[in-house]
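**Q** Give the three-dimensional model of this entry:
(one chain, ligands or ions: 1)
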Amino acid sequence: MRRFLVAGNWKMNTNRASGAELAGALAVNAPASETGVEVLVCPPYPYLAGISDVVSKSAVQLGAQDVYFEASGAFTGEVSVEMLKDVGCSHVIIGHSERRHVMGETDEMINKKVKAAIAGGLTVVLCVGELLSEREAGKTESVLDTQMAGGLADVSEEDAKDVVIAYEPVWAIGTGVTASPEQAESAHEHLRKWVTSRYNAAFSDKIRILYGGSVKADNAEILMGQPNVDGALVGGASLKPELFIPIIEAARKLANS
Ligand code: PEP
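**A** Numbering: from 1, shown residues only. Predicted coordinates for the structure are as follows:
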């Protein structure tokens, strides 16, 4: 059975003190891993080391919001896989829609990052998702296929074993508009079929596919309760313990039902 993953993407929010306070509250409340729910927080780069100290003795895992694919050198402003591991990260988000659409990241660049992160032993949370205009033009599935094929180009089944996919329709991110459970399930089912055809059915059955896009306490259970939804990637509602912990609780309830 696939283990739920509830991940918080803090984006460019918090400061040293508020981030430590938030992580501390989660460390106290995060369920132990044997409950079938994993919890991940992804703070901004400058706070990773401090948050690592806060969560290191808890079940809360630490991830970064991005990474660069080169190992070291003259890449001003960039951060390597080894640096992330050095400060305690086990995960990294790659290909978030804000990286794709605000920073202009291409599937080719995302693929390089995915391969570098896997080679370095990080669990990759690979984000894919369509724009509203693409959905309205009936292109959702072809956009997902292109992003999956691009992001996972030359990634073998063995290498992909620690990859988590996050389906994040761009029109639902930070907008308060959530995909309906049916829309989410349909996209997740399509992604799982894509994994079956690219890899195989056994692998597809194991890979986790998170939903992201305005997940809140009041919609988390129905979204994560869909057969092909294995957790949530949460932005806004991950910034306050009183908003994020109920989402973890919803996953815990589903995992134990
Ligand atoms: C995200 O940042 O990945 C996200 C889904 O944001 P929000 O939950 O705020 O829509």
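**Q** Might you calculate how far stretch 44-60 sits from the centre of the chain?
**A** Centroid displacement of stretch 44-60 relative to its chain, using C-alpha atoms, centre = their mean, to the nearest Å, is 17 Å.
**Q** can you list the residues that contact it?
**A** The contact list for stretch 44-60, computed with C-beta atoms under 8 Å, 6 or more residues apart in numbering, reads 10-16, 19-20, 23-24, 26-28, 30-33, 38-41, 43, 61-62, 64-65, 79, 84, 87-89. Where you see a C-beta, it was placed from the backbone N, CA and C, and this is true even at glycine.
**Q** filter those to the buried ones?
**A** Burial by neighbour count, judged by 16 or more other C-beta atoms under 10 Å, picks out 10-11, 14, 19-20, 23-24, 26-27, 30-31, 38-41, 43, 61-62, 64-65, 79, 84, 87-89 from these.
**Q** restrict those to those near the ligand?
**A** Among those, proximity to the ligand is found for K11 (C-beta under 6 Å from any ligand atom).
**Q** In strands only, show me the buried ones among the contacts of stretch 44-60.
**A** Judged by DSSP state E, strands contain the following of these: 38-41, 61-62, 64.
**Q** how about these in TSV, adding pLDDT?
**A** Output for those, formatted as TSV (pLDDT from 0 to 100):
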residue	pLDDT
E38	95
V39	96
L40	98
V41	98
Q61	97
L62	98
A64	99
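**Q** Closest one of those to S97?
**A** Set against S97, the nearest of these by C-beta to C-beta is A64 (16.6 Å).
**Q** my guess is the closest one contacts V79, does it?
**A** Yes: with contact defined as C-beta atoms under 8 Å, A64 counts as touching V79 (7.1 Å).
**Q** quick one: L210 is in a strand?
**A** Yes: counting by DSSP: H, G, I helix; E, B strand; the rest coil, L210 is located in a strand.
**Q** Just grab the bridge partners of it for me.
**A** A166 (DSSP bridges).
**Q** contacts for stretch 142-151?
**A** Residues outside stretch 142-151 that contact it (C-beta under 8 Å, 6+ apart): 94-95, 106-108, 110-111, 114, 126, 128-131, 134, 165, 167, 187, 190-191, 194-195, 198.
**Q** Buried residues, that stretch. List them.
**A** So stretch 142-151, judged by 16+ other C-beta under 10 Å, has buried residues 143-145, 147-148, 150-151.
**Q** and which of those is nearest F203?
**A** Among the buried residues of stretch 142-151, M148 lies closest to F203 (C-beta to C-beta), at 13.4 Å.
**Q** before we move on, the earlier item: from the buried residues of stretch 142-151, which land in helices?
**A** 143-145, 147-148, 150-151 (DSSP state H).
**Q** and the ligand, which of these contact it?
**A** Residues of those in contact with the ligand (C-beta under 6 Å from any ligand atom): none.
**Q** any chance of those residues in CSV, plus pLDDT?
**A** What follows is those, written out as CSV (pLDDT from 0 to 100):
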residue, pLDDT
V143, 98
L144, 98
D145, 98
Q147, 98
M148, 98
G150, 98
G151, 98
